[in-house]
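Participant: Here's a sequence, model it:
(one chain, ligands or ions: 1)
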Amino acid sequence: MHFTEPVYRNPYWPTWPLLEVTRGCTHNKCKFCTMYKGVKFGVPSMETIEEDLAELAATVPHARTIQLLSANPFALPYDKMAPILEKINEYLPEIEHVYAAGRVTDVRNKTVEQLQALRELGLNEISLGVESGDDWTLGRIDKGYRSEDIVEQCAKLSEAGIDFWMTFLNGVAGREHSRDHAVHSAEVFSKCNPMLVGTGGLTLFPGTPLLDEARAGEFDPLDERGLLEELKTFVEHLTCDCEFITHHTIGGVNLTGQNFLARKGQIVAALQNEIEYGDLDRMARVRAMKATL
Ligand code: SF4
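Facilitator: Coordinates of the predicted model:
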């Protein structure tokens, strides 16, 4: 198999085969991220992809699921993505479920009809690292789109019948804009009605512009209590009935599961309990040990 480091496997599907159809990230500018900094965005040749598919056909011939790599393979335009999906179906004829990560801007280069065609070829689940629905925050972290783009592009995914995840990056707006980030994100996410909302807490990793700004006093990061309070505000304002997951441990509290609206009160209560009684020093120590996403 041909893999270019770093390889990010969706942690919720640890056994799915991986197939590299892109290398790196098309954007590579988000101020909190260094994950693909040393990797130039590229697309392997179809010959290389077919070599990997032949290997998968020999090792997991009955695979029904597959994850495409790398940061945002959904950036591939329709006329590049469709032939890859056709090859996947050819080599792995039992495939039912192709998953890829993408940026909101990656939906722009495809019509609803093209998205429907990709879904019919198996690409039926996309995760969007949205991070925020607040325009000030999106500009501050250089995400490269605005809230109206999120709503517009997610509506296309819904119309095409492609399920999508949206992630909220807890803490990325800093202290002063925390409430706007939480409330506006919840409003935008609710409008988009994703199948799943994931949240992760900001860690300032070495090499990120946001850490440099924090050291220079230009970014005021939230402490663990502030992160929990912001997450609670986000949850309180979220009104779509999605699956809800947290990417990071919150003091051992299990907030993850389906039927968000039925569980919303419990989640809010658990977060409030954690704010009042949680071992926030331990949470800060755990976060400080993280080396990467
Ligand atoms: S957060 Fe995602 S889109 Fe932004 S630079 Fe990192 S990999 Fe690329």
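Participant: Identify the residues contacting residue 184.
Facilitator: 132-135, 137, 147 (C-beta atoms under 8 Å, 6 or more residues apart in numbering). All C-beta spots, glycine's among them, are computed from the backbone N, C-alpha and C.
Participant: taking these as a set, which two sit the farthest apart in space?
Facilitator: For those, the maximum inter-member distance is 9.5 Å, found between 137 and 147 (C-beta to C-beta).
Participant: who has more neighbours, the two?
Facilitator: When residue 137 and residue 147 are compared for neighbours, residue 137 comes out ahead with 23 against 20, by other C-beta atoms under 10 Å.
Participant: Might one say that the more buried one is in contact with residue 173?
Facilitator: Yes - applying C-beta atoms under 8 Å, one finds residue 137 in contact with residue 173, separated by 4.2 Å.
Participant: Give me the common contacts of the two.
Facilitator: 180-181.
Participant: hey, where'd the strands end up in the protein?
Facilitator: 18-20, 65-69, 97-102, 123-131, 163-170, 196-201, 243-246 (DSSP state E).
Participant: Residue numbers of this protein in contact with the ligand?
Facilitator: 25, 27-30, 33, 35-36, 71, 103, 129 (C-beta under 6 Å from any ligand atom).
Participant: if we can go back for a sec, would you mind giving the contacts of residue 184 as CSV with pLDDT added?
Facilitator: As requested, those are exported to CSV (pLDDT from 0 to 100):
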residue, pLDDT
132, 98
133, 98
134, 98
135, 98
137, 98
147, 98
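Participant: Can you flag which of those belong to helices?
Facilitator: 135, 137, 147 (DSSP state H).
Participant: Could you report the neighbour count for the residue nearest to residue 205 when sequence neighbours are not counted?
Facilitator: Excluding its sequence neighbours, the residue lying closest to residue 205 (C-beta to C-beta, 6 or more residues apart in numbering) is residue 34, at 5.8 Å. Neighbour count for residue 34, taken as other C-beta under 10 Å: 18.
Participant: Can you check what pLDDT the model gives residue 34?
Facilitator: Residue 34 carries a pLDDT value of 92.
Participant: do you know how far it is from residue 203?
Facilitator: Going from residue 34 to residue 203 by C-beta to C-beta, to the nearest Å gives 11 Å.
Participant: for residue 280, same thing?
Facilitator: Residue 280 is 15 Å from residue 203, by C-beta to C-beta.
Participant: So if I had to pick from those two, which one is more boxed in?
Facilitator: A direct count of neighbours by other C-beta under 10 Å for residue 280 and residue 203 places residue 203 higher, at 20 against 17.
Participant: what about the closest residue to residue 69 other than its chain neighbours, neighbour count?
Facilitator: Nearest residue to residue 69, sequence neighbours excluded (C-beta to C-beta, 6+ apart): residue 20, at 4.4 Å. Number of residues near residue 20 (other C-beta under 10 Å) recorded here: 20.
Participant: Same question for residue 120.
Facilitator: Residue 120 is flanked by 13 other residues according to other C-beta under 10 Å.
Participant: looking at it, residue 34 is touching residue 209, isn't it?
Facilitator: No - in this structure, residue 34 is not within contact of residue 209 by C-beta under 8 Å, at 9.2 Å.
Participant: Please report the distance of residue 82 from the ligand.
Facilitator: 23 Å (C-beta to the nearest ligand atom, to the nearest Å).
Participant: And for residue 194?
Facilitator: 17 Å.
Participant: quick one, what contacts that residue?
Facilitator: Contacts of residue 194 by C-beta under 8 Å, 6+ apart are 128, 154, 163-166, 240, 242.
Participant: Taking the residues you listed, tell me the two that lie furthest apart.
Facilitator: The most distant members of the contacts of residue 194, if one measures by C-beta to C-beta, are 128 and 240, lying 14.1 Å apart.
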